[in-house]
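In: structure here, sequence nowhere to be found:
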């Protein structure tokens, strides 16, 4: 797909594209979302400050604003993600492609870096992204790794997994590590049970992918972590993206390296 | 001085050391401070998120807490900086060595990385820190570089300056750039007037230092920036460290590189 980020956002805004965004607009940062009422915003902002690996903030909007002003222009947070999830008191109550109708003037949006951003650099380095070649969403797992709590917000970390051949693991670590704002270096390499994952073939979010002989599962902090926090902390209302269905921003990966 | 950070903090707590901390406990991160009532804390936290070069947060305390829990143990924020400044409605009204008497249970403390942290690595690389060899405080300047505003908080950036020989400028940039949490790479190299400094021999904070033939002034973002923000934004009350008189934390520079 040769669309620019703004063209893709406009397409998504019409409702014509509702699928995962991995592989789209290579070189541009993709982003996770959590929207909370102002009453919970301080606690979540502090949570993100204390947990920069899963929650690297690309932008926090002005209260009530639906537009981003830093990571993208011509961008409507309520329509430009392919899919959203609505949580009430920690329960997932709906999944939808547009949250305009729910918008309130006390909403604060947290736009969070996504590991899809560095995938194009891994591919350029000759590292296969198995979920892309299989035409699937990336595998994501709720781990037993606790985040640092902040006020009313606490929960365990979600991590994404990519199977990497042993001889490419160090390179994948270095390439991703150069961009901390989109989760950076992996948090775990190898045995899934060490981080509380019993069966790597059954991800908690996204799709399973094949791990072949000579490959090791490599785990990165994931921007679905706020959804784990919402499920655990049960704020009255939270809106998030649906896992894998990200905002494609105007920010180039290279601009996150400075 | 061979004291450990905790020994130095205990000494400072007694009031026996009230001077700048540059050069003390090499290898350990030093930190700036701004304390604000909870009512202003969201705006400042967002300001720091939007301005990570001058305001890299090492820790934000629980509301009301005088103890740090991340960057140091056995650490009292109200006593363990050598000197503090008290601002009311943006006016500097007092400078003192202890703010215990002023402490309130709605205070939030922002502990911010400091460029003194990477000085020991620059010295190890053979780069002279002129302010240390001259026995002075580092030179700091109020520049014309605007920070990104956040709610009630806005102001221009303060930068520290070190004269560096031309043939060491690149090395100094790379070494400091490896630790973004203590301001990272310089923001400006060369002509002071390009960032609004008319006379480099008259710093707005700290002391002047000699710039010799064959040396270039190199400017780093500075954690005194919150004081510029306080003077501009005029919150009812703010407590900061006195420029150059930092908290010496238990956090090693190397732990900020991961």
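Out: Structure received. Values in this document were obtained by computation on a predicted structure and should not be read as measured data. Residues are numbered from 1 along each chain as shown, chains lettered A, B, ... in the order given.

In: helix or strand for residue A:232, which one?
Out: helix A:225-233 (DSSP states H and E).

In: for residue A:251, pull up the helix or strand it's in.
Out: Here residue A:251, judged by DSSP H and E, is contained in strand A:247-252.

In: what helices and strands are in contact with the helix holding residue A:232?
Out: Secondary-structure packing of helix A:225-233 (3 or more CB pairs under 8 Å, 6 or more residues apart in numbering or on different chains; DSSP states H and E): strand A:28-37, helix A:38-50, strand A:84-88, strand A:156-165, strand A:238-241. C-beta: built from backbone N, CA, C; applies to glycine.

In: so can I have CSV of those showing mean neighbour count, distance to residue A:134 and mean pLDDT?
Out: Output for those, formatted as CSV (neighbours: other CB atoms under 10 Å in any protein chain shown; distance: least, CB to CB, whole Å; pLDDT from 0 to 100):
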stretch, mean neighbour count, distance to residue A:134, mean pLDDT
strand A:28-37, 26, 19, 97
helix A:38-50, 21, 32, 98
strand A:84-88, 19, 24, 98
strand A:156-165, 24, 11, 98
strand A:238-241, 26, 22, 98
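
In: in JSON lines, list these along with distance to chain B.
Out: Converted to JSON lines, the helices and strands packed on helix A:225-233 look like this (distance: least, CB to the nearest CB, whole Å):
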{"stretch": "strand A:28-37", "distance to chain B": "12"}
{"stretch": "helix A:38-50", "distance to chain B": "5"}
{"stretch": "strand A:84-88", "distance to chain B": "22"}
{"stretch": "strand A:156-165", "distance to chain B": "16"}
{"stretch": "strand A:238-241", "distance to chain B": "18"}
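
In: buried set for the helix holding residue A:232?
Out: Buried residues in helix A:225-233, counted by 16 or more other CB atoms under 10 Å in any protein chain shown: A:225-231, A:233.

In: near chain B, which residues of chain A?
Out: Residues of chain A lying close to chain B (CB under 8 Å from any CB of the partner chain) are A:41-42, A:45-46, A:48-50, A:57, A:60, A:70, A:148, A:185, A:258.

In: contacting residues for the residue nearest the centre of chain A?
Out: Nearest to the geometric centre of chain A sits residue A:223, at 3.4 Å (CA atoms, centre = their mean). Residue A:223 is in contact with A:31-32, A:54-55, A:112-115, A:183, counting by CB atoms under 8 Å, 6 or more residues apart in numbering or on different chains.

In: ok, now with 10 Å
Out: The contact partners of residue A:223, by CB atoms under 10 Å, 6 or more residues apart in numbering or on different chains, come to A:30-34, A:54-56, A:58, A:110-116, A:140, A:158, A:160, A:182-183, A:240-241, A:243, A:246.

In: circling back: could I get the helices and strands packed on helix A:225-233 as JSON lines with distance to residue A:192?
Out: Output for those, formatted as JSON lines (distance: least, CB to CB, whole Å):
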{"stretch": "strand A:28-37", "distance to residue A:192": "22"}
{"stretch": "helix A:38-50", "distance to residue A:192": "25"}
{"stretch": "strand A:84-88", "distance to residue A:192": "25"}
{"stretch": "strand A:156-165", "distance to residue A:192": "8"}
{"stretch": "strand A:238-241", "distance to residue A:192": "24"}
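
In: picking up where we left off before, distance of the residue nearest to the centre of chain A relative to chain B?
Out: 16 Å (CB to the nearest CB, to the nearest Å).

In: pretty sure that residue is in a helix, no?
Out: No. Assigned with DSSP: H, G, I helix; E, B strand; the rest coil, residue A:223 falls outside any helix and is coil.

In: quick revisit: quick one, the helix holding residue A:232 and strand A:156-165 angle?
Out: 140 degrees (axes from the mean of the first three to the mean of the last three CA atoms, to 10 degrees).

In: so for helix A:225-233, mean pLDDT?
Out: Averaging pLDDT along helix A:225-233 gives 98.

In: tell me the contacts of the residue nearest to residue A:139 when sequence neighbours are not counted?
Out: Nearest in space to residue A:139, with sequence neighbours left out and distances taken as CB to CB, 6 or more residues apart in numbering or on different chains, is residue A:203 at 3.9 Å. Taking CB under 10 Å, 6+ apart, we find residue A:203 in contact with A:137-142, A:158-161, A:197, A:209, A:243.

In: go again using 7 Å as the cut-off
Out: Taking CB atoms under 7 Å, 6 or more residues apart in numbering or on different chains, we find residue A:203 in contact with A:139-141.

In: among those, which lie within helices?
Out: Counting by DSSP state H, no part of the contacts of residue A:203 is found in helices.

In: for these, which one is nearest residue A:5?
Out: Checking the contacts of residue A:203 against residue A:5 by CB to CB gives residue A:140 as the nearest, at 23.1 Å.

In: next, count neighbours for that closest one.
Out: If you count neighbours by other CB atoms under 10 Å in any protein chain shown, residue A:140 ends up with 26.

In: again, but for residue A:19
Out: 13.

In: can you check the one 5 residues further on too?
Out: Neighbouring residues of residue A:24 were enumerated by other CB under 10 Å; the total is 20.

In: quick one: which helix or strand includes it?
Out: Residue A:24 belongs to no helix or strand when assigned by DSSP H and E.

In: measure the residue nearest to the residue nearest to the centre of chain A when sequence neighbours are not counted to residue B:175 for me?
Out: Take residue A:223 and drop its neighbours on the chain: the residue closest to it by CB to CB, 6+ apart is residue A:32, 3.0 Å away. The gap separating residue A:32 from residue B:175 is 33 Å, by CB to CB, to the nearest Å.

In: now residue A:173
Out: From residue A:173 to residue B:175 the distance is 22 Å (CB to CB).

In: repeat that for residue A:134.
Out: Per CB to CB, residue A:134 is found 43 Å from residue B:175.
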